[in-house]
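S.K.: take a look and give me a structure for this.
(one chain, ligands or ions: 2)
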Amino acid sequence: MSVPLIEVRRVSKRFVKQLDLAGKIAQRLGSEIRDEVVHAVDKVDLAIKPGEVVGLVGESGCGKSTLGRMIAGILPATEGTVLFEGKETAAMTGAEQRAATLAVQMIFQDPFASLNPRMRVEQIIGEAPLVHGLVGRAGLSNYVDEILLKVGLDPALKRRYPHQFSGGQRQRIGIARALAVKPRFLVCDEAIAALDVSIQAQVLNLFMDLRQELDLTYLFISHDLSVVEHIADRVVIMYLGRVVETAPTEALFADPRHPYTQALLCEVPRLDQRKRDFTPVEGEIPSPLDPPTGCHFHPRCPFVMEQCRTAIPKLEGTGHERRMACHLGARAGAQSS
Ligand SMILES: Nc1ncnc2c1ncn2[C@@H]1O[C@H](COP(=O)(O)OP(=O)(O)OP(=O)(O)O)[C@@H](O)[C@H]1O
Ligand SMILES: [Mg+2]
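M.R.: Ligands and ions are numbered 1, 2, ... in the order given. The predicted structure follows:
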């Protein structure tokens with residue numbers, strides 16, 4: 001078996017929301033009030049093989065971006081380990097760490113917000129490779145041209161500023177900036193969500209062409225299930241900071257097994273048939289400040305059993321590269337074996 005390109009083991013992220021002044025005064029006066037802690041990501045295990053495209057799906061606030069940012073190395077984990085090519089990033093030498101940081105790049109939803117409005121496109125794309133010594137000053141102009149061509153932009157436009165481009169073109173600039181440091185792995189966080197539907201398909205195709213051309217591996221975070229179904233080899237479903245199910249894409253869409261996945265994929269007839277967005281799952285998403293005990297999904301689960309209220313289900317293999325964290329599955333598995 002090949003070593004995963006990226007792996008996280010038992011990785012968690014907790015954000016502490018400090019008390020406001022009133023809260024602090026109440027605390028001084030003997031109230032039991034404490035800082036609020038959000039368990040944005042809770043002991044997640046995930047390994048992504050070289051060349052794989054993994055889709056990461058779940059309702060808003062379930063921790064997708066937080067997990068993506070930890071994987072991309074731009075947010076430190078509270079607990080757990082992140083490995084690049086089998087090596088713990090925290091245990092790497094400075095040079096190794098820099099190489100790993102460059103190898104994993106992140107593409108964001110809003111290209112405009114992530115591009116410096118005062119920099120010309122050639123600077124935006126050329127800055128990092130120059131700083132990191134991937135190209136010298138003499139070769140920089142050609143280097144930038146090549147990358148612009150790769151992402152489908154005319155090199156003649158490289159002296160322009162971001163505001164002089166359309167949304168789709170700006171996202172291409174963001175992709176070019178990421179590609180400029182020769183990454184192996186891209187974390188795309190809702191990378192096409194802000195674009196017009198007609199443009200979305202073009203940028204998606206670009207991602208897939210680049211995958212072939214540059215041997216890229218992807219973690220693709222998306223709200224749009226049709227996008228994930230279209231491009232991902234494997235899907236990971238998150239709920240309130242935990243992974244509840246992962247399976248090869250075709251198997252997951254044909255036969256969703258976790259009750260949350262089933263609810264998520266349950267299709268309602270829509271006027272716009274192309275878009276398979278989330279079906280609102282019944283019941284409210286519980287607050288990550290005070291998640292339910294046991295299985296986080298139990299208050300909304302139609303199949304809830306007694307043990308679901310108290311015991312956290314483990315993410316366990318259910319055969320054919322599928323894993324699921326559900327007491328129901330464990331029981332079904334035990335019956336069939
Ligand atoms: N910097 C932060 N400080 C405090 N809480 C945060 C911070 N970033 C995220 N959170 C909280 O962590 C949880 C997970 O957030 P995250 O942005 O990872 O979710 P998401 O799945 O990406 O949601 P969306 O689909 O809306 O992008 C949320 O409850 C969010 O409010
Ligand atoms: Mg997000």
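
S.K.: need the strands for the protein, in chain order.
M.R.: Using DSSP state E, the strands of the chain run over 6-17, 36-48, 53-57, 79-84, 87-88, 104-107, 185-189, 217-221, 234-239, 242-248, 316-319, 322-324.

S.K.: number of nearby residues for whatever residue of the stretch 151-300 of the chain ends up closest to ligand 1?
M.R.: Taking CB to the nearest ligand atom, ligand 1 has its nearest neighbour within the stretch 151-300 of the chain at residue 288, 4.2 Å off. In this view, the C-beta of every residue, glycine as well, is placed from N, C-alpha and C. Using other CB atoms under 10 Å, residue 288 has 21 neighbouring residues.

S.K.: quick check: bridge partners of the closest residue to it other than its chain neighbours?
M.R.: Closest residue in space to residue 288, ignoring its immediate chain neighbours: residue 38 at 5.0 Å, by CB to CB, 6 or more residues apart in numbering. When assigned by DSSP bridges, residue 38 has beta-bridge partners residue 15.

S.K.: sorry, back to before: so for the residue of the stretch 151-300 of the chain closest to ligand 1, what pLDDT did the model give?
M.R.: On pLDDT, residue 288 comes in at 79.

S.K.: one more: residue 237?
M.R.: At residue 237, pLDDT is 96.

S.K.: contacting residues for it?
M.R.: Counting by CB atoms under 8 Å, 6 or more residues apart in numbering, residue 237 makes contact with 57, 58, 243, 244, 245, 246, 252, 258, 260, 261, 264.

S.K.: please redo it, this time with the cut-off set to 10 Å
M.R.: For residue 237, the contacting residues are 55-58, 62, 243-247, 252, 256, 258, 260-261, 264-265, 324-325, by CB atoms under 10 Å, 6 or more residues apart in numbering.

S.K.: does residue 125 really touch residue 159, like I thought?
M.R.: No: counting by CB atoms under 10 Å, residue 125 sits too far from residue 159 to count as a contact (11.8 Å).

S.K.: more neighbours: the two, which one.
M.R.: Neighbours around residue 125 and residue 159, counted as other CB under 10 Å, are more numerous at residue 125. The numbers are 29 against 11.

S.K.: residues in contact with the more buried one?
M.R.: 119, 140, 143-145, 147-148, 151, 153, 158, 173-181.

S.K.: let's go with 8 Å and repeat that
M.R.: 144, 147, 148, 158, 173, 176, 177, 180.

S.K.: same deal with residue 121?
M.R.: Here residue 121 is in contact with 148, 153, 157, 158, 159, 160, 161, 162, 165, 173 (CB under 8 Å, 6+ apart).

S.K.: okay, the strands of the chain in TSV with distance to residue 211 next?
M.R.: Formatted as TSV, those follow (distance: least, CB to CB, whole Å):
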stretch	distance to residue 211
strand 6-17	15
strand 36-48	13
strand 53-57	7
strand 79-84	19
strand 87-88	24
strand 104-107	13
strand 185-189	9
strand 217-221	7
strand 234-239	14
strand 242-248	17
strand 316-319	27
strand 322-324	24
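
S.K.: convert the longest helix along the chain to PDB, retaining C-alpha atoms only.
M.R.: Determined from DSSP state H, the single longest helix within the chain is helix 197-214. Presented in PDB, the C-alpha positions along helix 197-214 are these (Å, rounded to 0.1, in the frame of the first residue of the first chain):
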ATOM      1  CA  VAL A 197     -23.100  28.400 -12.500                       C
ATOM      2  CA  SER A 198     -21.800  28.600 -16.100                       C
ATOM      3  CA  ILE A 199     -18.300  29.500 -14.900                       C
ATOM      4  CA  GLN A 200     -18.300  26.800 -12.200                       C
ATOM      5  CA  ALA A 201     -18.200  24.100 -14.800                       C
ATOM      6  CA  GLN A 202     -15.200  25.700 -16.500                       C
ATOM      7  CA  VAL A 203     -13.200  26.100 -13.300                       C
ATOM      8  CA  LEU A 204     -14.100  22.600 -12.300                       C
ATOM      9  CA  ASN A 205     -12.800  21.300 -15.600                       C
ATOM     10  CA  LEU A 206      -9.600  23.300 -15.100                       C
ATOM     11  CA  PHE A 207      -9.100  21.600 -11.700                       C
ATOM     12  CA  MET A 208      -9.500  18.200 -13.300                       C
ATOM     13  CA  ASP A 209      -7.200  19.000 -16.200                       C
ATOM     14  CA  LEU A 210      -4.600  20.200 -13.800                       C
ATOM     15  CA  ARG A 211      -5.000  17.000 -11.900                       C
ATOM     16  CA  GLN A 212      -3.900  15.000 -14.900                       C
ATOM     17  CA  GLU A 213      -1.300  17.400 -16.100                       C
ATOM     18  CA  LEU A 214       0.400  18.000 -12.800                       C
END
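
S.K.: need the residues of the stretch 201-337 of the chain near ligand 1, please.
M.R.: Proximity of the stretch 201-337 of the chain to ligand 1 (CB under 6 Å from any ligand atom) is limited to residues residue 288.
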